[in-house]
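>>> Just to be clear, the model below is a prediction. Sequence and coordinates:
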Amino acid sequence: VIGQVAISCVVLICAGLAARSVQKLSQLNLGFRPDHLFLANVDPQLRGYSEDRSRAFHAQLLSKLRALPGVTSASLSTHLPFDTGGSQRAGVWPEGQTPTEIQKNTLVPCTSVDPAYLDTLGTRLLSGRNFTERDNASAPRVVIVSRMLAQQLWLNADPVGKQLSLQGESMQVVGVVGDMRVWAITDSDRPLIYYPLAQHFQNSITIVARTGMDPLEITASVKQAVAQLDPEMAVYNIRSLDQQITTSPMGMAPMRMGTFIAGGQGIIALFLATLGLYGLISHAVKQRTHEIGIRIALGATRGNVLRILIQQGLRLVLIGLGIGLAAAFAITRVLSSVLYGVKATDLLTFGGVSLLLASLALFASYIPARRAASIEPMQALRSE
């Protein structure tokens, strides 16, 4: 029983810390608004479209999406936050400077977007301007960078208007966005680069539509809009951005899975500990039936008998709880690197688990103890 209580304590504390960490992560400011965003993929290249035909398809599709009931904003992008794939490029440095080894080798996520993307995603532009329709294939190459990348390249200087070299190609910085968590849920300092989709075109794109309702409610309308342009065009990987964050391997999924597994193991261990304690007290009551009858015959109250037997159960639980808390204190310090916003020695978790185990121990001890306290003295004396 002591061992089962100790194991229950350790596993439940680990599960509690993971759950608290998930709660903290779900409250994070991601740098954009993930709510009410519909996502789906289309790829005109799968239908044999040329680049010019794909560009025309994208433009027509955007026009139809923005006219759909319930859609407040629509955009196209090559990648979205917490996509399992994504484009990264190394070799980014201020033009005219000699690049460092870090600048040569650091991978920077790069995404091609249309001019409405940042507004649709709900991302704040800190300085400069957004992309416009004038940033087309024939215009000078421009980019929008994250604040983190701007600080890495130009320290505290204003990057707007400056030129950066990206793998030997010169591009002008026209805007700076706030830092976003787009690569991993705990990664707040990732440098980012946005291109205009017209200048870095890709056939395969993600539809991004902000709605005033449950985003998946517009699924049929989006499919119909695509079918009006090409009945054979596939619309696939339909989801909301909230779903993508929850299920992404770089988002909430690992922490949620860890919490689920640890919680399941903790419940099993807790059930076994409660069952073991109940069985132990029941056996003790059976062995001490004669003694209990004598105590009651000599004047012991039923409350005295109840207290003695419950104390026996609680004594075992407190020993197991002490061992479990000591073990959990050591183990959770190792897990501190994977927790977010929660200390490995979180008092709320340790105290809550201790209270839960003590309450269940009291319940498991009370049932057989109450039965023993109700024994008639003569019946107990004859049981010998």
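That came in fine, so what should we check first? Residues are numbered from 1 along each chain as shown.

>>> Now do the SS call for residue 190.
On the three-state scheme (DSSP: H, G, I helix; E, B strand; the rest coil), residue 190 is labelled coil.

>>> Find me the pLDDT at it, would you?
If you check residue 190, the pLDDT there is 78.

>>> cool, and the one 4 residues further on?
At residue 194, the predicted lDDT confidence score is 94.

>>> ok, now the one 3 residues further on?
Here, the pLDDT recorded for residue 197 equals 94.

>>> go on, residue 320?
The score at residue 320 is 84. That number is its pLDDT.

>>> For it, give its distance to residue 11.
Going from residue 320 to residue 11 by C-beta to C-beta, to the nearest Å gives 13 Å. (Each C-beta comes from the backbone N, C-alpha and C, glycine too.)

>>> Just the buried residues of stretch 157-167, please?
Under the neighbour-count criterion of 16 or more other C-beta atoms under 10 Å, stretch 157-167 has 159, 160, 162, 164, 165, 166 buried.

>>> my bad, stretch 167-178
Within stretch 167-178, the residues scored as buried using 16+ other C-beta under 10 Å are 171, 173, 174, 175, 176, 177.

>>> Could you do stretch 87-104 as well?
So, applying 16+ other C-beta under 10 Å, buried residues of stretch 87-104: 87, 91, 92, 93, 94, 103.

>>> Next one: the second one from residue 164, what distance?
If you measure residue 91 against residue 164 using C-beta to C-beta, the figure is 10 Å.

>>> The fourth one now?
Residue 93 sits 7 Å away from residue 164, going by C-beta to C-beta.

>>> from the buried residues of stretch 167-178, which is closest to residue 272?
Comparing the buried residues of stretch 167-178 against residue 272 with C-beta to C-beta places residue 177 closest, at 52.3 Å.

>>> Can you show me the CA trace of the biggest strand by length in the chain as CSV?
Counting residues, the longest strand found in the chain (DSSP state E) is strand 169-177. Taking C-alpha atoms only, strand 169-177 is exported to CSV below (Å, rounded to 0.1, in the frame of the first residue of the first chain):
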residue,chain,number,x,y,z
GLU,A,169,19.6,38.2,-53.7
SER,A,170,19.1,41.8,-52.6
MET,A,171,15.8,42.7,-51.0
GLN,A,172,14.5,45.9,-49.3
VAL,A,173,12.9,45.7,-45.9
VAL,A,174,9.6,47.5,-46.1
GLY,A,175,8.0,46.5,-42.7
VAL,A,176,8.6,44.9,-39.4
VAL,A,177,6.2,42.6,-37.5
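
>>> Adjacent strands (with direction) for that strand?
The pairing partners recorded for strand 169-177 under DSSP bridges are strand 125-128 (antiparallel), strand 142-146 (parallel), strand 163-166 (antiparallel).

>>> do you know which of those strands lies nearest residue 35?
strand 125-128 (19.7 Å).

>>> Tell me who's in contact with the residue lying closest to residue 149 once chain neighbours are set aside.
Setting aside the residues directly before and after it, residue 149 is nearest to residue 191 in space (C-beta to C-beta, 6 or more residues apart in numbering), at 3.4 Å. Counting by C-beta atoms under 8 Å, 6 or more residues apart in numbering, residue 191 touches 92, 106, 108, 109, 145, 146, 148, 149, 152.

>>> quick one: residue 191 from residue 366, how far?
From residue 191 to residue 366 the distance is 60 Å (C-beta to C-beta).

>>> swap in residue 232?
Relative to residue 366, and taking C-beta to C-beta, residue 232 is found at 69 Å.
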